[in-house]
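# This is a predicted model, with the sequence first.
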Amino acid sequence: MMRWLRVYGGVLVTRMKSAAHFRANVIAWVLYSPLQVAVIYLLWKVIYGTTHEVGGLRFQEMVLYYLVVHFLGRAMLPLQAVNYEVWSEINKGKLDVYLARPLGFGPFVFFRSLGAPTLEICLGVPFFLLFSVLLRLPIQTDPVVLAAFFFSGLLGAVVLFLIQFLIGTMTFWMERIFGVRDLVVSLFMLFSGQLIPISALPAPVARISRHLPFESIFFVPAMIYRRPQPDLEIAALIAQQAIWAAVLWVAAAAVWTRGVARYASQGG
Amino acid sequence: MSRRSWKLLYRFAAVSFRDMSVFRTDFLMSLLHNLVYQGIFFAFWKSVLTFTASRLGGWTFPELAILSSFTLASTAVAQWLVGLLQLSQKILEGDLDKYLCKPVPPLLALLGESVNGLASLQQLTSAGLLLTAVCLYYRVPLSPGNVAAGLLILSLGCAALLLIRGCIALSAFWLGDVSRLNGLFQISGEFERYPINLFPVWLQGILTWVVPVGLISTWPVLAFLGKGGSPWTWLAIGLALVLFWSLVFREIWRRALRRYESFGG
């Protein structure tokens, strides 16, 4: 276990250092959130000028929802590049290097992609609290709900990673995967609750969403964060995420096993 | 630009065309993606308007749908100059050598190599289809003059934005990795999805003069619809910004090339 942690932990730390290397990038990082939160705040202020409630959420609740989704989105953004990384390793014949090493390609890519998110979370939490205070939003203080929220966020990241990994492994059959990726990203935007809460979507669209894994990524953690106290609803939401993570893990493992059997590289 | 340079650009575009269309499934998926992506924003506006008595600050659903189509059209135009956005990565990796040692203008070769001709065509087709469908279905009244003004403002806005992003990319010669700085600029672009005339006046000013996303969405759409006063103001602002940023870009490029060095280059 220690050896396993040392290997993958080393990969994670290297990525964190790489992400924080350039100063201009760090400054841009600091300015990024205020800008995006401002866009969301101003837009919804205009919308709530004509209504009191959207999808069962009042203005403050809507801003809190988007704030949570924004910071989850920032933390998980680097995971969206996983499909490209997997495509690149397979398509350029670089997979040999990983297959010849005593490590699993899937866990390696997972921990490599966690470097930047870990940094985002470390820097993002103080910003999240600052925005909550500035915008007079309620801050969740219940330790059980907070723990459930972090666990739910982690499960959301796993679901997103597995979706991206699955798209990447399609390279074994399709050579170019970007059309599928873009299509999935579009659906993801709508059904994950990133663009608008699922509860505000028209009823037929919201019904479709319940049968897809995307709402596990943003909508479910954001809903857990705003719960006043621990209840069965939280457990049900986490169970829903865990089931999707398990289903996607089995699918990714099956596709990987079949795909690797097809893999061939020049000189490999 | 000389005839030879145009020929080179044309050939690069043709290569990109073949490069992308050879994978047919991916090609069809990309086409589908463009339509679905716009459909998602239509769903967003439909959801919002359900709660706001079918209007948002004077904007109706067909007008908001036209705004989304214009955003897609601006992305299509950007595909022709996508090389500007990849410039910082090429500088960091020392890949500029291959352009500098060729007997063609290096910037042209760099831009030409990255042209996404097919993606641009796909997006323009999707935007055109959606725009036509919305205008016909909702019987949006249009005049040729307004359509021309809207499209011209859109083109100038795209050029201004790309030149600004090109300048940011060139700053990589001094600052190193500026991908997040460019990303920050891209975030400001989130305003393009929404009608900026709904926001406070000071913000409208910033989004027209500093980060001119208004020139690729709200203002050209209003000109297209024949609303929001004379389009000449927006045309003049667009032209002024393109001229200003062209001069800035040329100057930075000239200075940057003097700084450039690569291992073994």
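Received the coordinates, thanks. Numbering: from 1, shown residues only, chains lettered A, B, ... in the order given.
# Any stretches of the chain with poor pLDDT?
Using chain A here. Along chain A, segments meeting pLDDT under 70 span A:1, A:8, A:11-30, A:265-268.
# wait, I meant chain B there
Low-confidence segments of chain B (pLDDT under 70): B:1-2, B:9, B:16-17, B:19-23, B:179-181, B:183-189, B:260-265.
# measure whatever residue of it ends up closest to chain A to A:Arg176 for me?
Shortest chain B-to-chain A distance, computed as CB to the nearest CB: residue-wise this is B:Met29, at 2.6 Å. Placement of C-beta: from N, CA and C, glycine included. Between B:Met29 and A:Arg176 the distance, using CB to CB, to the nearest Å, works out to 9 Å.
# Phi, psi for the residue of chain B closest to chain A please.
phi -60, psi -40 (degrees, to the nearest 10).
# How many neighbouring residues does it have?
The burial count assigned to B:Met29 is 21, neighbours taken as other CB atoms under 10 Å in any protein chain shown.
# Quick check: it touching A:Met174?
No - using CB atoms under 8 Å, B:Met29 is not in contact with A:Met174; the gap is 9.3 Å.
# Check the contact lists of these two and give me the overlap.
A:Val180 (CB atoms under 8 Å, 6 or more residues apart in numbering or on different chains).
# A:Gly56: neighbouring residues, count only.
Applying the criterion other CB under 10 Å, we find 10 residues in the vicinity of A:Gly56.
# Please disregard the earlier target; I meant B:Ala43.
Neighbours of B:Ala43 under the rule other CB under 10 Å: 16.
# The stretch 51-200 of chain A: helices as residue ranges?
Using DSSP state H, counting those that start in this stretch, the helices of the stretch 51-200 of chain A run over residues A:59-76, A:82-91, A:95-99, A:105-134, A:143-169, A:171-174, A:178-191.
# Kindly apply the preceding question to chain B instead.
B:3-21, B:24-50, B:61-78, B:83-92, B:97-100, B:106-113, B:117-137, B:144-170, B:172-175, B:179-188, B:201-205, B:218-225, B:232-259 (DSSP state H).
# which of these sits most buried?
For these, average neighbour numbers computed from mean count of other CB atoms under 10 Å in any protein chain shown are highest in helix B:218-225, which has a mean of 26.
# Near chain A, which residues of the stretch 1-150 of chain B? Just list them.
B:23, B:25-33, B:36-37, B:40-41, B:43-44, B:46-48, B:50-53, B:55-57 (CB under 8 Å from any CB of the partner chain).
# Grab the nearest non-local neighbour of the residue in chain A positioned nearest to chain B.
Taking CB to the nearest CB as the measure, chain A has A:Gly179 as its residue closest to chain B, at 2.6 Å. Of all residues beyond its chain neighbours, the one nearest A:Gly179 is B:Met29 (2.6 Å), with distances taken as CB to CB, 6 or more residues apart in numbering or on different chains.
# One more: A:Ile208?
When the adjacent residues along the chain are set aside, A:Ile208 lies closest to A:Phe191, with 7.4 Å between them (CB to CB, 6+ apart).
# quick one: contacts for the one you found?
Taking CB under 8 Å, 6+ apart, we find A:Phe191 in contact with A:198, A:208-209, A:212, A:214-215.
# check contacts around the residue of chain B closest to chain A.
When contacts are counted by CB under 8 Å, 6+ apart, B:Met29 touches A:178-180, A:182-183.
# Please look at B:Trp65 and B:Tyr137 and confirm they touch.
If you look again at residue B:65, you'll see it is Ala, not Trp. No - counting by CB under 8 Å, B:Ala65 sits too far from B:Tyr137 to count as a contact (9.4 Å).
# top of the contacts of B:Met29 by neighbour count?
A:Gly179 (22 neighbours).
# Please tell me how far that one sits from A:Phe161.
Computed as CB to CB, the A:Gly179 to A:Phe161 distance reads 21 Å.
# re the thing from before, tell me the one among the contacts of B:Met29 nearest to B:Ala223.
Distance to B:Ala223 across the contacts of B:Met29 (CB to CB) is lowest for A:Asp182, with 30.0 Å.
# which residue sits closest to the closest one in space, ignoring its chain neighbours?
B:His33 (4.0 Å).
# so how far is stretch B:236-251 from its chain's centroid?
15 Å (CA atoms, centre = their mean, to the nearest Å).
# got the contact list for A:Glu53?
A:Glu53 neighbours (CB under 8 Å, 6+ apart): B:Phe51.
# How about the backbone phi and psi for it?
Here is the backbone geometry of A:Glu53 (degrees, to the nearest 10): phi -150, psi 140.
# Counting neighbours, what do you get for the residue nearest to B:Val48 when sequence neighbours are not counted?
Computed as CB to CB, 6+ apart, the closest residue to B:Val48 that is not its neighbour in sequence is A:Ile47, at 5.9 Å. Under the neighbour criterion other CB under 10 Å, A:Ile47 is assigned a count of 20.
# Now do the same contact list for A:Ile47.
A:54, B:48, B:51-52, B:56.
# how far away is it from A:Tyr65?
13 Å.
# and the stretch 151-268 of chain A, which residues reach chain B?
Taking CB under 8 Å from any CB as the test, the list of the stretch 151-268 of chain A residues beside chain B reads A:174-180, A:182-183, A:186-187, A:189-190, A:195-196, A:200-202, A:205.
# Got a ChimeraX select line for the buried ones in these?
ChimeraX command restricting those to the buried ones, with burial defined by 16 or more other CB atoms under 10 Å in any protein chain shown:
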select /A:174,176,177,178,179,180,182,183,186,187,189,190,195,196,200,201,205
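# so which of the contacts of A:Phe191 comes closest to B:Leu111?
B:Leu111 lies nearest to A:Phe214 out of the contacts of A:Phe191, by CB to CB, at 36.3 Å.
# A:Trp256 and A:Gly106 touch, don't they?
Yes - A:Trp256 is within contact range of A:Gly106, at 6.6 Å (criterion: CB under 8 Å).
# got the buried residues for stretch B:191-211?
Neighbour-count burial for stretch B:191-211 flags B:191-199, B:203-204, B:206-208, B:211 (criterion: 16+ other CB under 10 Å).
# Just confirm B:Phe224 contacts B:Ala149, I think it does.
Yes - taking contact to mean CB under 8 Å, the distance of 7.4 Å between B:Phe224 and B:Ala149 places them in contact.
# ok, back up a step: tell me which residues touch the residue of chain A closest to chain B, please.
Contacts for A:Gly179 (CB under 8 Å, 6+ apart) come out as B:23, B:25-33.
# Show me how far stretch B:56-63 is from its chain's centre.
Relative to the chain's own centre, stretch B:56-63 is displaced by 23 Å; criterion: CA atoms, centre = their mean.
# Is the spatially closest residue to A:Leu103 that is not a sequence neighbour within a helix or a strand, and which one?
In space, A:Leu103 comes closest to A:Val7 once its chain neighbours are excluded; the distance is 6.4 Å by CB to CB, 6+ apart. Secondary-structure element containing A:Val7, defined by DSSP states H and E: helix A:2-19.
# Residues touching stretch A:140-160, excluding its own?
By CB under 8 Å, 6+ apart, the residues outside stretch A:140-160 that reach it are A:72, A:75-76, A:79-80, A:114, A:117, A:213, A:216-218, A:220-221, A:224-230, A:234, A:237-238, A:241-242, A:244-245, A:248-249.
# Fine, thanks again, bye for now.
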